[in-house]
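Student: after the sequence you'll find the predicted model.
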Amino acid sequence: MSAQAVFPAIAQEICQEEVSRPAGKDMMKKLEYHMTAEKGPMIVLVLDEVDQLDSKGQDVLYTLFEWPWLSNSRLVLIGIANTLDLTDRILPRLQAREKCKPRLLNFPPYTKNQIATILQDRLDLVSGVQVLDNAAIQFCARKVSALSGDVRKALDVCRRAIEIVESDVKSQTVLKPLSECKSPSESLVPKQVGLIHISQVISEVDGNRMSLSKEGTQDSFPLQQKILVCSLLLLTRQLKIKEVTLGKLYEAYSNVCRKQQVAAVDQSECLSLSGLLEARGILGLKKNKETRFTKVSLKIEEQEVEHALKDKALIGNILATGLP
């Protein structure tokens, strides 16, 4: 959700009525009235990824954080962010007013044992054979806890490992001679995800997630994906924002392809490419009912993108010349 779209969304929930966009003075007055009216329940407003509401002058964030301190305010604001110093770094005005200083709660990263327990609990929800063996679970938990402690990454690694095994099984089934196929009555036992598969995914994602194959070997990073990543990097730089809609990204990607005389894929295929890049830990996606409004962001540092791609002539040229 964009910074300016947050107020209409809040108004719709608090005022329980459809509101116009963008936010105007009347809407803001109505919101403040609902928050400060003498009678009414307490309002708890929870905003996840509050750092995405970064805007010019930080007016949006300042307004949100100052709401609880309005006279007779019944609002409790809970903001969730990935960085503990967010308010100190981009909202210094709050520090100048003692009563407006936010109370900070630090949630430490998950430990190895906690991650392993969460993974096992998720697997227990799936009936049938254990999909991951215990050694693979423990290895994944240990690696992720050492890298970031982000359980979402552990779940993504396991999902990607399962996809690899499923792909291998399908390939083997297709290539198997008919004479060797089992009868339909025989139950098929799925291949289990082992430590080697988890290790493969972690190496792919966290060694150098965008490293290209050594000279003389096959490049495992498809050209269209490289162009898409470059387009996203250039677009976020140009707009000075951290995430863009798939519609804007596709427009930039199409322009880059046209300039470089490379055939572009259609928008639905662009979403598929983005999904593959998300599985590799390179992009982040926030799905929307309307595909073109899906939010796309880089999950790795800009320097890592440039370092991995600049040695290829075409990609280096795209990064050097910028968007058309």
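Tutor: All right, it came through fine.
Student: quick one: secondary structure of residue 263?
Tutor: coil (DSSP: H, G, I helix; E, B strand; the rest coil).
Student: how many residues are close by the closest residue to it other than its chain neighbours?
Tutor: Leaving aside its sequence neighbours, residue 263 sits nearest to residue 257 (C-beta to C-beta, 6 or more residues apart in numbering; 6.8 Å). Every C-beta, even on glycine, is put in place using the N, C-alpha and C of the backbone. Around residue 257 there are 19 other residues, counting by other C-beta atoms under 10 Å.
Student: now residue 257: which helix or strand?
Tutor: Take DSSP states H and E as the rule and residue 257 turns out to sit in helix 246-259.
Student: that helix: which residues count as buried?
Tutor: 246, 247, 248, 249, 250, 251, 252, 253, 254, 256, 257 (16 or more other C-beta atoms under 10 Å).
Student: which residues in the chain form strands?
Tutor: 43-47, 75-79, 243-245, 283-286, 295-298 (DSSP state E).
Student: just put the ones you listed in JSON lines and tack on mean neighbour count.
Tutor: Formatted as JSON lines, the strands of the chain follow (neighbours: other C-beta atoms under 10 Å):
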{"stretch": "strand 43-47", "mean neighbour count": "14"}
{"stretch": "strand 75-79", "mean neighbour count": "16"}
{"stretch": "strand 243-245", "mean neighbour count": "20"}
{"stretch": "strand 283-286", "mean neighbour count": "18"}
{"stretch": "strand 295-298", "mean neighbour count": "19"}
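Student: same list, those, but as JSON lines with distance to residue 33 and mean pLDDT please.
Tutor: Output for the strands of the chain, formatted as JSON lines (distance: least, C-beta to C-beta, whole Å; pLDDT from 0 to 100):
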{"stretch": "strand 43-47", "distance to residue 33": "12", "mean pLDDT": "93"}
{"stretch": "strand 75-79", "distance to residue 33": "12", "mean pLDDT": "93"}
{"stretch": "strand 243-245", "distance to residue 33": "32", "mean pLDDT": "93"}
{"stretch": "strand 283-286", "distance to residue 33": "31", "mean pLDDT": "88"}
{"stretch": "strand 295-298", "distance to residue 33": "31", "mean pLDDT": "92"}
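Student: closest one to residue 119 among those?
Tutor: For the strands of the chain, proximity to residue 119 was assessed by C-beta to C-beta; strand 283-286 is nearest, at 20.8 Å.
Student: which helices and strands does that closest one pack with?
Tutor: helix 267-279, strand 295-298 (3 or more C-beta pairs under 8 Å, 6 or more residues apart in numbering; DSSP states H and E).
Student: show the average pLDDT along stretch 246-259.
Tutor: Here stretch 246-259 scores 92 as its mean pLDDT.
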